[in-house]
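Asker: Kindly return the folded structure for what I paste below:
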Amino acid sequence: MALNKIMACASLGNSLKDKLALALFGLIAPRSEWSRERWWHVFPSAIPQMWLRPKKLNGLRLLISPTNWSQTVIFEEVFLRGNYDLSKVRFTPEVIVDCGAHIGMFSLLAKSAFPSARHIAFEPNAENAQLMRRQITENEVDIELIESAISIEATELMFTASNSHSGRLLRNEYSCGAYKVGVVNFPETIKQMQPASLILKMDIEGEERNVFPVLMPSLPRKCALFFETHFGEEGWREIETLLSSNGFQVEQMNARGQCFDGFAYRE
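Answerer: Residues are numbered from 1 along each chain as shown. I've put the predicted structure just below:
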(Lines give C-alpha, C1' and ligand atoms only; values in the text may rest on other atoms or scores of the structure.)
Protein backbone atom coordinates (compact mmCIF):
# COMPACT_ATOMS: atom_id res chain seq x y z
CA MET A 1 0.00 0.00 0.00
CA ALA A 2 2.82 2.40 0.91
CA LEU A 3 4.64 1.57 -2.33
CA ASN A 4 1.48 2.29 -4.32
CA LYS A 5 1.21 5.73 -2.72
CA ILE A 6 4.88 6.49 -3.41
CA MET A 7 4.48 5.49 -7.06
CA ALA A 8 1.23 7.48 -7.38
CA CYS A 9 2.92 10.58 -5.99
CA ALA A 10 5.96 10.14 -8.26
CA SER A 11 3.68 9.90 -11.30
CA LEU A 12 2.42 13.43 -10.58
CA GLY A 13 5.74 14.95 -11.66
CA ASN A 14 7.15 15.74 -15.10
CA SER A 15 10.93 15.91 -14.65
CA LEU A 16 13.02 13.33 -12.80
CA LYS A 17 13.74 15.90 -10.09
CA ASP A 18 10.04 16.55 -9.58
CA LYS A 19 9.23 12.84 -9.55
CA LEU A 20 11.88 12.15 -6.91
CA ALA A 21 10.64 14.99 -4.70
CA LEU A 22 7.06 13.77 -4.99
CA ALA A 23 8.11 10.17 -4.30
CA LEU A 24 9.90 11.33 -1.12
CA PHE A 25 6.77 13.19 -0.11
CA GLY A 26 4.71 10.03 -0.65
CA LEU A 27 7.15 8.07 1.51
CA ILE A 28 7.11 10.54 4.40
CA ALA A 29 3.43 11.55 4.33
CA PRO A 30 1.50 10.05 7.28
CA ARG A 31 -1.11 7.40 6.56
CA SER A 32 -3.41 8.52 9.37
CA GLU A 33 -3.78 11.14 12.08
CA TRP A 34 -2.12 8.72 14.51
CA SER A 35 0.93 8.35 12.29
CA ARG A 36 1.05 12.14 12.02
CA GLU A 37 1.75 12.27 15.75
CA ARG A 38 4.39 9.57 15.46
CA TRP A 39 6.26 11.35 12.63
CA TRP A 40 6.00 14.68 14.39
CA HIS A 41 7.58 13.42 17.61
CA VAL A 42 10.35 11.48 15.88
CA PHE A 43 11.20 14.09 13.25
CA PRO A 44 10.07 17.46 14.65
CA SER A 45 12.59 19.47 12.61
CA ALA A 46 14.48 16.97 10.45
CA ILE A 47 11.83 16.98 7.71
CA PRO A 48 11.23 20.55 6.52
CA GLN A 49 8.54 21.94 4.30
CA MET A 50 8.95 20.85 0.70
CA TRP A 51 8.39 22.59 -2.61
CA LEU A 52 6.58 20.22 -4.97
CA ARG A 53 5.77 20.74 -8.62
CA PRO A 54 2.87 18.46 -9.66
CA LYS A 55 2.30 18.66 -13.40
CA LYS A 56 -1.35 19.54 -12.79
CA LEU A 57 -0.13 22.96 -11.61
CA ASN A 58 1.31 23.77 -15.05
CA GLY A 59 4.61 25.10 -13.70
CA LEU A 60 3.39 26.49 -10.36
CA ARG A 61 4.89 25.12 -7.13
CA LEU A 62 3.29 23.96 -3.90
CA LEU A 63 4.86 24.46 -0.47
CA ILE A 64 3.73 21.70 1.90
CA SER A 65 4.84 19.99 5.09
CA PRO A 66 5.10 16.20 4.51
CA THR A 67 4.61 15.53 8.24
CA ASN A 68 1.42 17.59 8.54
CA TRP A 69 -1.48 15.13 8.30
CA SER A 70 -4.05 17.83 7.49
CA GLN A 71 -2.00 19.10 4.56
CA THR A 72 -1.39 15.62 3.18
CA VAL A 73 -5.12 14.80 3.42
CA ILE A 74 -5.95 17.78 1.20
CA PHE A 75 -3.05 16.94 -1.15
CA GLU A 76 -4.58 13.51 -1.72
CA GLU A 77 -8.01 15.04 -2.40
CA VAL A 78 -6.65 17.53 -4.92
CA PHE A 79 -3.88 15.62 -6.69
CA LEU A 80 -4.44 11.90 -6.15
CA ARG A 81 -8.21 11.43 -5.91
CA GLY A 82 -9.15 14.17 -8.36
CA ASN A 83 -11.91 15.70 -6.24
CA TYR A 84 -11.49 18.96 -8.16
CA ASP A 85 -11.49 17.85 -11.79
CA LEU A 86 -11.45 21.15 -13.66
CA SER A 87 -11.81 19.38 -17.00
CA LYS A 88 -15.51 19.09 -16.08
CA VAL A 89 -15.81 22.88 -16.49
CA ARG A 90 -16.64 23.57 -20.13
CA PHE A 91 -16.43 27.37 -19.96
CA THR A 92 -13.72 29.89 -19.11
CA PRO A 93 -14.71 31.50 -15.81
CA GLU A 94 -14.67 35.22 -15.23
CA VAL A 95 -14.29 34.66 -11.48
CA ILE A 96 -13.01 31.81 -9.29
CA VAL A 97 -13.83 31.79 -5.57
CA ASP A 98 -12.26 29.40 -3.07
CA CYS A 99 -14.15 29.20 0.25
CA GLY A 100 -12.19 27.31 2.88
CA ALA A 101 -8.95 27.75 0.96
CA HIS A 102 -6.72 25.98 3.54
CA ILE A 103 -3.11 26.45 2.31
CA GLY A 104 -4.16 27.17 -1.27
CA MET A 105 -3.99 23.88 -3.16
CA PHE A 106 -7.28 24.28 -5.02
CA SER A 107 -6.52 27.95 -5.65
CA LEU A 108 -3.17 27.09 -7.26
CA LEU A 109 -4.81 24.35 -9.33
CA ALA A 110 -7.59 26.65 -10.55
CA LYS A 111 -5.23 29.57 -11.20
CA SER A 112 -2.93 27.35 -13.26
CA ALA A 113 -5.90 26.21 -15.37
CA PHE A 114 -7.55 29.64 -15.73
CA PRO A 115 -4.80 32.26 -15.26
CA SER A 116 -6.84 35.19 -16.59
CA ALA A 117 -9.77 34.73 -14.17
CA ARG A 118 -10.20 36.99 -11.17
CA HIS A 119 -9.45 34.80 -8.17
CA ILE A 120 -10.61 35.32 -4.57
CA ALA A 121 -9.96 32.99 -1.61
CA PHE A 122 -11.41 32.97 1.91
CA GLU A 123 -9.55 31.34 4.81
CA PRO A 124 -10.14 32.18 8.50
CA ASN A 125 -7.34 30.04 9.97
CA ALA A 126 -4.38 32.43 10.41
CA GLU A 127 -1.69 29.72 10.11
CA ASN A 128 -3.21 28.40 6.89
CA ALA A 129 -3.52 31.93 5.52
CA GLN A 130 0.11 32.70 6.31
CA LEU A 131 1.28 29.68 4.32
CA MET A 132 -1.13 30.47 1.48
CA ARG A 133 0.26 34.00 1.23
CA ARG A 134 3.69 32.50 0.73
CA GLN A 135 2.35 30.27 -2.05
CA ILE A 136 0.88 33.36 -3.74
CA THR A 137 4.07 35.41 -3.38
CA GLU A 138 6.52 32.70 -4.46
CA ASN A 139 4.41 31.77 -7.50
CA GLU A 140 3.77 35.44 -8.37
CA VAL A 141 0.08 34.81 -8.98
CA ASP A 142 -2.77 37.26 -8.58
CA ILE A 143 -5.01 35.72 -5.92
CA GLU A 144 -6.85 37.92 -3.44
CA LEU A 145 -6.79 36.24 -0.03
CA ILE A 146 -9.36 37.36 2.55
CA GLU A 147 -8.68 36.08 6.07
CA SER A 148 -12.31 35.54 7.00
CA ALA A 149 -14.92 32.84 7.22
CA ILE A 150 -18.06 33.03 5.10
CA SER A 151 -21.72 32.86 6.08
CA ILE A 152 -24.92 34.81 5.47
CA GLU A 153 -24.10 37.86 7.58
CA ALA A 154 -21.17 40.21 8.11
CA THR A 155 -20.19 39.69 11.74
CA GLU A 156 -17.72 38.03 14.08
CA LEU A 157 -18.19 34.48 15.35
CA MET A 158 -16.23 31.95 17.36
CA PHE A 159 -14.16 29.51 15.33
CA THR A 160 -12.67 26.16 16.33
CA ALA A 161 -10.13 23.94 14.59
CA SER A 162 -9.01 20.55 15.90
CA ASN A 163 -6.68 20.42 12.89
CA SER A 164 -5.95 22.77 10.02
CA HIS A 165 -8.45 21.32 7.53
CA SER A 166 -11.54 21.05 9.72
CA GLY A 167 -12.05 24.49 11.26
CA ARG A 168 -15.69 25.53 11.65
CA LEU A 169 -17.83 28.34 12.96
CA LEU A 170 -19.56 27.92 16.31
CA ARG A 171 -23.11 28.97 17.12
CA ASN A 172 -24.52 28.54 20.63
CA GLU A 173 -21.89 26.00 21.57
CA TYR A 174 -18.57 25.96 23.40
CA SER A 175 -15.24 24.51 22.32
CA CYS A 176 -11.98 24.73 24.23
CA GLY A 177 -9.45 26.82 22.30
CA ALA A 178 -12.05 28.55 20.11
CA TYR A 179 -11.32 32.10 19.03
CA LYS A 180 -13.13 34.92 17.25
CA VAL A 181 -12.86 35.44 13.47
CA GLY A 182 -14.38 37.83 10.99
CA VAL A 183 -17.25 36.57 8.87
CA VAL A 184 -18.20 37.81 5.39
CA ASN A 185 -21.77 37.92 4.07
CA PHE A 186 -20.99 35.68 1.13
CA PRO A 187 -24.30 35.79 -0.79
CA GLU A 188 -24.14 39.58 -0.69
CA THR A 189 -20.51 39.50 -1.86
CA ILE A 190 -21.41 37.42 -4.93
CA LYS A 191 -24.47 39.58 -5.57
CA GLN A 192 -22.34 42.73 -5.64
CA MET A 193 -19.69 41.07 -7.78
CA GLN A 194 -22.18 39.95 -10.47
CA PRO A 195 -19.84 37.56 -12.29
CA ALA A 196 -20.93 36.45 -15.74
CA SER A 197 -19.41 33.02 -15.09
CA LEU A 198 -18.14 31.48 -11.88
CA ILE A 199 -16.23 28.53 -10.47
CA LEU A 200 -16.96 28.18 -6.77
CA LYS A 201 -15.25 25.76 -4.39
CA MET A 202 -16.95 25.50 -1.01
CA ASP A 203 -15.51 23.43 1.84
CA ILE A 204 -16.83 25.20 4.94
CA GLU A 205 -17.46 22.42 7.44
CA GLY A 206 -21.23 22.47 7.72
CA GLU A 207 -21.88 26.16 7.07
CA GLU A 208 -23.00 25.23 3.54
CA ARG A 209 -26.38 24.41 5.05
CA ASN A 210 -26.86 28.10 5.87
CA VAL A 211 -25.10 29.60 2.85
CA PHE A 212 -26.43 27.64 -0.14
CA PRO A 213 -30.16 28.48 0.18
CA VAL A 214 -29.44 32.22 0.41
CA LEU A 215 -26.72 32.10 -2.25
CA MET A 216 -28.75 30.48 -5.05
CA PRO A 217 -30.38 33.67 -6.45
CA SER A 218 -26.98 35.40 -6.74
CA LEU A 219 -25.21 32.71 -8.74
CA PRO A 220 -24.72 33.34 -12.47
CA ARG A 221 -26.35 31.09 -15.01
CA LYS A 222 -22.92 29.81 -16.08
CA CYS A 223 -21.62 28.26 -12.88
CA ALA A 224 -19.59 25.27 -11.65
CA LEU A 225 -19.53 24.25 -7.98
CA PHE A 226 -17.10 21.95 -6.19
CA PHE A 227 -18.48 21.43 -2.70
CA GLU A 228 -18.46 19.29 0.42
CA THR A 229 -21.53 18.51 2.52
CA HIS A 230 -21.71 17.28 6.10
CA PHE A 231 -24.42 15.70 8.27
CA GLY A 232 -24.37 12.41 6.35
CA GLU A 233 -26.88 11.31 3.72
CA GLU A 234 -29.44 13.84 4.95
CA GLY A 235 -27.00 16.73 4.46
CA TRP A 236 -26.11 15.55 0.95
CA ARG A 237 -29.74 15.11 -0.17
CA GLU A 238 -30.64 18.53 1.17
CA ILE A 239 -27.99 20.31 -0.92
CA GLU A 240 -28.45 18.04 -3.95
CA THR A 241 -32.19 18.80 -4.03
CA LEU A 242 -31.60 22.53 -3.68
CA LEU A 243 -29.06 22.60 -6.52
CA SER A 244 -31.16 20.40 -8.81
CA SER A 245 -34.20 22.61 -8.30
CA ASN A 246 -32.07 25.57 -9.41
CA GLY A 247 -31.05 24.00 -12.70
CA PHE A 248 -27.77 22.34 -11.73
CA GLN A 249 -26.69 18.89 -12.77
CA VAL A 250 -25.31 17.32 -9.58
CA GLU A 251 -22.74 14.53 -9.27
CA GLN A 252 -21.53 12.86 -6.09
CA MET A 253 -17.76 12.44 -6.32
CA ASN A 254 -16.83 10.80 -3.04
CA ALA A 255 -18.26 9.78 0.35
CA ARG A 256 -16.30 9.69 3.62
CA GLY A 257 -18.41 8.95 6.67
CA GLN A 258 -20.63 11.97 7.26
CA CYS A 259 -18.94 13.99 4.47
CA PHE A 260 -19.81 13.92 0.76
CA ASP A 261 -17.90 15.59 -2.07
CA GLY A 262 -19.93 16.85 -5.00
CA PHE A 263 -19.79 18.69 -8.31
CA ALA A 264 -22.64 20.77 -9.69
CA TYR A 265 -22.77 22.34 -13.14
CA ARG A 266 -25.07 24.81 -14.88
CA GLU A 267 -24.37 26.44 -18.24
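
Asker: in stretch 121-133, what counts as buried?
Answerer: Neighbour-count burial for stretch 121-133, counted by 16 or more other Cβ atoms under 10 Å, picks out 121-125, 128-129, 131-133. No exception for glycine: its C-beta is placed from N, CA and C like everyone else's.

Asker: wait, stretch 258-266
Answerer: In stretch 258-266, counting by 16+ other Cβ under 10 Å, buried: 259-266.

Asker: Of all these, the one with the weakest confidence?
Answerer: Least confident of the buried residues of stretch 258-266 in the model: C259, at 89.

Asker: Pick out the most distant pair among the buried residues of stretch 121-133.
Answerer: F122 and L131 (15.1 Å; Cβ to Cβ).

Asker: what helix or strand is the most centrally placed residue in the chain on?
Answerer: The geometric centre of the chain, computed from its C-alpha atoms, lies nearest to A101 (Cα atoms, centre = their mean), at 4.7 Å. Here A101 sits in a region with no helix or strand, counting by DSSP states H and E.

Asker: and if you look at W236?
Answerer: Counting by DSSP H and E, W236 is found in helix 232-245.

Asker: That helix: which residues count as buried?
Answerer: Result for helix 232-245 [16+ other Cβ under 10 Å]: buried residues 235-236, 238-240, 242-243.

Asker: just checking, what packs against it?
Answerer: Applying 3 or more Cβ pairs under 8 Å, 6 or more residues apart in numbering; DSSP states H and E, one finds that helix 232-245 contacts helix 208-215, strand 222-229, strand 249-256, strand 259-266.

Asker: which one of the buried residues of stretch 258-266 sits closest to K111?
Answerer: For the buried residues of stretch 258-266, the nearest to K111 is F263 (18.9 Å; Cβ to Cβ).

Asker: Which strand residues bridge that closest one?
Answerer: F226, E251 (DSSP bridges).

Asker: Next one: it from N83, what distance?
Answerer: 9 Å (Cβ to Cβ, to the nearest Å).

Asker: Need the residues touching each of these two.
Answerer: 226, 253 (Cβ atoms under 8 Å, 6 or more residues apart in numbering).

Asker: correct me, but W236 touches G262?
Answerer: Yes - taking Cβ atoms under 8 Å as the definition, W236 is a contact partner of G262 at 7.3 Å.

Asker: Domain-wise, how is the protein divided?
Answerer: 1-81, 83-267 (automatic domain parsing).

Asker: By mean pLDDT, show me the worst of those.
Answerer: domain 1-81 (a mean of 83).

Asker: Flag every buried residue along stretch 150-165.
Answerer: 150-152, 157-161, 164-165.

Asker: Name the residues that touch it?
Answerer: 33, 68-71, 73-74, 99, 102-103, 122, 124-125, 127-128, 149, 167-171, 175, 177-189, 204, 207, 210-211, 214.

Asker: Are any of these buried, and if so which?
Answerer: 68-71, 73-74, 99, 102-103, 122, 124-125, 128, 149, 167-169, 178, 181, 183-187, 189, 204, 207, 210-211, 214.

Asker: which residue sits closest to Q258, ignoring its sequence neighbours?
Answerer: Spatially, and ignoring its direct neighbours in sequence, Q258 is nearest to G232 (4.6 Å; Cβ to Cβ, 6 or more residues apart in numbering).

Asker: right, I mislabeled it, should have said P54
Answerer: Leaving aside its sequence neighbours, P54 sits nearest to L12 (Cβ to Cβ, 6+ apart; 4.3 Å).
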